[in-house]
Structure formats: C-alpha cells, structure tokens
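Participant: I'll drop the sequence and a predicted model, then ask my questions.
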Amino acid sequence: MPVYVDRSADLEKAARYIVASKAFDHSTICATEQSVIADRPIAGRLLDLMRQEGAYVTDLHETEALRRALFHSDGSLNTAVVGKSAQFVAAYSGFQIPADRRVLLTPLTEAGRASRFLTRSSPRCWAGMRQKAGTGWRAIHRAHQHWRTGAHPDHLCQR
C-alpha cells in the first residue's frame, strides 16, 4: 500500500504515523505502508523526520543486500523474514543496524514491476521511499494506479 505525503501535510505527524504503522507487530498486516511517495519539496524533511522516529535508511549496498536476501530468484518472498524485526532482517541480509531503529527504509530509484521492493507481499519491517514524486492530485492518482495495477512506474513520478 503506497502512502503519498503532500507538501500540505503535517510532516511530523506523517513521519510518526508511517513509522509507527510499519513498526507495529513488525508490519505483518498487509494493509501497512509498503512505499512512501513524497511531494518533492518536502521529501528531504520527511526523510529526516522518519529517521528521528526510528527509520534506518539503507545505503546502496545495504539495499542490494536486502534485495538478494529477501527475494528468491523467481521474485517470490523469502518467508524467513516475515514478521521479523528490522535488526533481524538487516542481520539476515548481512549488515547491522542500531538497536533503536524500528524499520528499514530503502530509497527507491524505480517503482512498479521494475522494483521487487514494491510488491503487495513485501517484507514487513521496511518500506521504500520515492523522493521524485509529482505534485498534488496527479501524484496521488499515480500512486493509486501503481497500487491497483502494479503498473510500470516512471508514470508514477515526475522527473
């Protein structure tokens, strides 16, 4: 389920709610946020606030390690990580994170079917964040289209 955060949002509240929702019960409920699409002007601030709420933002190498560990070669989810803590998933993927981190957040450069991280059965302790989003209702529509159809994404985001 993608969440779109508009520039008019209460960013502190949005960051708190997104991280809390994702962290609750290690996000085993499928209705949790699987991706965050942020309005371009507020994306950096939202990311900082999510870090303050306990998100660990993976670097390029950690993101790739997650991709290799969490998905089988056929694209199916490795169920060994479902319902596990962010620390467990990070360690399973070959890296360590601080004990106070509640969720893993992977910066996304692609979306839709091109990204294994954006599936309805994504591992439950992390979300992806796309920072190059369109603005207003157009971006919301695109996020909805992505969720509904799994459509290819560069129509999700303005460059």
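Facilitator: Yes, it's here. Bear in mind that the values here come from a model prediction, so they are computed numbers and not experimental data.
Participant: Can you check the distance spanned by stretch 26-38, start to finish?
Facilitator: By C-alpha to C-alpha, to the nearest Å, the extent of stretch 26-38 from end to end equals 23 Å.
Participant: Just the mean pLDDT for that stretch, thanks.
Facilitator: Taken as a whole, stretch 26-38 has a mean pLDDT of 77.
Participant: which parts of that stretch are buried?
Facilitator: Of the residues in stretch 26-38, those with enough neighbours to count as buried (16 or more other C-beta atoms under 10 Å) are H26, S27, T32, E33, Q34, S35, V36, I37, A38. Using the backbone N, CA and C atoms, a C-beta is placed for each residue, glycine as well.
Participant: what's the burial count for the spatially closest residue to R16 that is not a sequence neighbour?
Facilitator: Spatial nearest neighbour of R16, chain neighbours left out: E53 (5.4 Å); criterion: C-beta to C-beta, 6 or more residues apart in numbering. Other residues within reach of E53, judged by other C-beta atoms under 10 Å, total 19.
Participant: Is it correct that E62 falls within a strand?
Facilitator: No. The secondary structure assignment for E62 gives helix rather than a strand, going by DSSP: H, G, I helix; E, B strand; the rest coil.
Participant: Please name the residues that touch it.
Facilitator: E62 makes contact with A90, S93, F95 under the criterion C-beta atoms under 8 Å, 6 or more residues apart in numbering.
Participant: Give me the buried entries from those.
Facilitator: For those, a burial check counting by 16+ other C-beta under 10 Å picks out A90, S93, F95.
Participant: From those, pick the one nearest A43.
Facilitator: Lowest distance from A43 to these (C-beta to C-beta) belongs to A90, with 23.4 Å.
Participant: What residues sit buried inside the host helix or strand of the closest one?
Facilitator: Assignment of secondary structure by DSSP states H and E places A90 within helix 86-93. Judged by neighbour count using 16+ other C-beta under 10 Å, the buried positions of helix 86-93 are A86, Q87, V89, A90, Y92, S93.
Participant: just so I have it, where are all the helices in this structure?
Facilitator: Here the chain has its helices, by DSSP state H, at 11-23, 43-52, 60-70, 86-93, 136-149.
Participant: I'd like the ones you listed laid out as JSON lines, including distance to P107 and mean pLDDT.
Facilitator: What follows is the helices of the chain, written out as JSON lines (distance: least, C-beta to C-beta, whole Å; pLDDT from 0 to 100):
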{"stretch": "helix 11-23", "distance to P107": "15", "mean pLDDT": "93"}
{"stretch": "helix 43-52", "distance to P107": "8", "mean pLDDT": "94"}
{"stretch": "helix 60-70", "distance to P107": "7", "mean pLDDT": "92"}
{"stretch": "helix 86-93", "distance to P107": "16", "mean pLDDT": "95"}
{"stretch": "helix 136-149", "distance to P107": "17", "mean pLDDT": "55"}
